[in-house]
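Colleague: whatever this is, show me its structure:
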Amino acid sequence: MFTPIPWETMSNIIEYDLRFSNRVKRLRIEVVPGQVRVVAPDGMQVSIIDGFVQSRKFWIEEKLEKFDTVKQQEKIFIYKKNSVFPVLGEQITVPSTLESETEIHEWLDLMFLNFLIESAKKYNQFAASRIRLGCAKTRWGSCSIKGVVMINRKLVHAPAEVVEYVLVHELVHLKHRNHSSKFWNEVKLILGDVKPQKKWLRLQGAYLL
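Modeller: A predicted model of the protein is given here:
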């Protein structure tokens, strides 16, 4: 849980939520729509943390302003029969035969997983042992050392080309376990310029998470 840090009412400071963790070795700033989160190593003095955050004031404000310029997607989708929302870049109507929210989520998961499996067949040079859906709060995907590729199920509401980028990103990790130049060169060789997809995830995707 993030703990809000109270500050005096001043117009020239950055307000943020602070969390301490024994899993981090240095300060980390996360800027999301309308909010700044800071993760700090256990025991670090708040005065040091605040000094660091305020020193990044202009960078943080620039990030927040970028979110403000983006047309915000629906933060909450209504999962009921006959609802309409984006699925892989198209507006889809929930079948009237689906009565409960659980049934709708299962319907979306099946549709999304089938899309991922079919898409992965185009990249058979990377042999994933399994493709599964996950619900990570901060990651779009992951690739385990056993070759299991996880894709965040929330991406079902993203454009198909964005989902394909995340899938290829994780598949290439089967060959390159880091984000070296060799990794990015291979991603570019497969998909070409991925800056639009990365920008979508950074701005629009933040609302999905």
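Colleague: span of stretch 41-51 from start to end?
Modeller: 15 Å (CA to CA, to the nearest Å).
Colleague: in it, what counts as buried?
Modeller: Ile49, Asp50 (16 or more other CB atoms under 10 Å). Backbone N, C-alpha and C define where each C-beta goes, glycine included.
Colleague: got the contact list for it?
Modeller: The contact list for stretch 41-51 (CB atoms under 8 Å, 6 or more residues apart in numbering) reads Ile5, Leu18, Phe20, Ser21, Asn22, Val24, Lys25, Arg26, Leu27, Val38, Ala40.
Colleague: show me the shaky parts of this protein.
Modeller: 1-12, 69-76 (pLDDT under 70).
Colleague: residue ranges of the helices in it, please?
Modeller: For the chain, the helices defined by DSSP state H cover 46-55, 57-69, 101-120, 160-172, 181-191, 195-203, 205-208.
Colleague: from these, which stretch is densest packed?
Modeller: Most buried of the helices of the chain by mean neighbour count (mean count of other CB atoms under 10 Å) is helix 160-172; its value is a mean of 22.
Colleague: gap between that helix and the chain center?
Modeller: Relative to the chain's own centre, helix 160-172 is displaced by 12 Å; criterion: CA atoms, centre = their mean, to the nearest Å.
Colleague: one more: stretch 29-39?
Modeller: 14 Å.
Colleague: mind listing what's buried in that stretch?
Modeller: Ile29, Glu30, Val31, Pro33, Val36, Val38, Val39.
Colleague: which strand of this protein spans the most residues?
Modeller: strand 35-41 (DSSP state E).
Colleague: each with direction, which strands does that one pair with?
Modeller: Sheet partners assigned to strand 35-41 using DSSP bridges are listed as strand 17-21 (parallel), strand 28-32 (antiparallel).
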